[in-house]
Each structure stands twice: as C-alpha cells, then as structure tokens.
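Colleague: Just need the structure, nothing else, for what follows:
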Amino acid sequence: MTIIKTPTDFFNDANNYNNNVGTYLMSYPHFIDYFNKIETISFHELTIGINFTYGWMPTIFDYRDNQFTLVLDILNKLKSGIIPNNDEFIILRNHFNNSLVGTSKLIHFINPNLVPIWDSRVYKYLTDETPHGYRVDNVNNFRQYIGFCNTLILDQRFKQAKLNIEAVVGYSMSPMRIADLVMYSS
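Modeller: Next up, the predicted model:
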C-alpha cells in the first residue's frame, strides 16, 4: 500500500473535523466501557462484543471456525497490552467473518490504545485507491496503517488535534481513536 496522505494532510483534516458520525460516536464509549470492565474475555463476552461490533457493519456476523481457545488467548493478550503478530491477525480475521475490518473494530474496543479501527473509508483516505477487499483485508496494509497512526500520535501537533476533536465529540478518546476517526470522517 502506498500512503499518499502526509501528517500535514491529516492535521489539516483534524482541524476541520466536524461531528458527522453521530450514532457511532454515541455508542462508542459504551463499547469501550464494556471491555474495560472485563478482566478476562471468555466466550460469553466475546459473543456479546463481536455482535455489538457488527452493529457497526453492513453484514451479519458468523464465526468461521472453532478456534475459540486460540482466539480468546490472542484477545486476552491484546487486552493486557500485547499487539497480535501477523499470524495472529490472520487467525483473528479468519475467525471473525474473514474480515479484517470487523476484527480491527473488535480489537480496538478491547484495547483502544493499541489498535486503530480500519475500514474501506480509511483505506481510501490514505491511498486514494478503490478499497477492494483484497486491499482492505490485507494484514500488511493494516500493519502499515497502524504504523502511520503511531507516527501521527508522536507528532507535536497531535495533542492539539486531540483536544479539538474531543471538544467537538464531547468525551475523551484514545489517540488511536482520534487518528482513525479523522481519517474515517474526512
């Protein structure tokens, strides 16, 4: 994936942010709070979490395999601060409807400080290319996006952008959420 947006493009878009994703913004803190209150994710919490995650998606959810023990292990490590490796991202993607978009949303809700939300709108924002499934469901592209978000967060302009967006939204969000929200909304 070739990212054509620069940090300056991002910060210009952040300065022009307006609240145009109302329902998502209303439900978001409740999803984060749900996983914050859980010490260890079990099948029960996973089932609830993946189904409210798919409330943000245009498709119906379907578990694609029975690797629940492995998936729960990866998710609980993520909750404790360990980002999945590429093989683990593939396991999660394959398990959750074969969708990296749905996977990114779920794992963001589990640990919003580590992983941003990824979808076709973000891909289009970054590349100005048609967001075909093979591009959006590509783990290497997702990893590159995470790296770009980390670069933005370390930029001295990010702190002010975060304050501005939180003032518009009305609540505090993780830096990763600020980064993905600007890209999703622009």
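
Colleague: For the worst-scoring helix or strand of the chain on mean pLDDT, give me every contacting residue.
Modeller: The helix or strand with the lowest mean pLDDT-type score in the chain, counting by mean pLDDT, DSSP states H and E, is helix 22-36 (a mean of 90). For helix 22-36, the surrounding residues in contact (CB atoms under 8 Å, 6 or more residues apart in numbering) are 19, 41, 45, 48-49, 52-53, 55-56, 79, 109-112, 169, 171, 173, 177. Heads up, the C-betas are built off the backbone N, CA and C, glycines and all.

Colleague: Kindly supply the ChimeraX command isolating those of these that are buried.
Modeller: Selection of buried members from the contacts of helix 22-36 for ChimeraX, criterion 16 or more other CB atoms under 10 Å:
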select :41,45,49,52,53,56,79,109,110,111,112,169,173,177
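
Colleague: pLDDT score for the residue located most distally from the centre of the chain?
Modeller: With CA atoms, centre = their mean as the measure, the chain has its most outlying C-alpha, relative to the mean C-alpha position, at N66: 23.8 Å. According to the prediction, N66 has pLDDT 92.

Colleague: ok, it to V122 distance?
Modeller: With the distance defined as CB to CB, to the nearest Å, N66 ends up 31 Å from V122.

Colleague: how much space is there between the residue nearest the centre of the chain and T103?
Modeller: The residue lying closest to the centre of the chain (CA atoms, centre = their mean) is I117, at 1.5 Å. Using CB to CB, one obtains 10 Å as the distance from I117 to T103.

Colleague: now swap in L163 and tell me
Modeller: The spacing between L163 and T103, counted by CB to CB, is 30 Å.

Colleague: Report the buried residues of stretch 151-170.
Modeller: 152-153, 158, 161-162, 164-165, 169.

Colleague: Need the residues that contact stretch 128-137.
Modeller: Counting by CB under 8 Å, 6+ apart, residues outside stretch 128-137 touching it are 1, 4, 93, 98-101, 118-121, 123-124, 127, 141.
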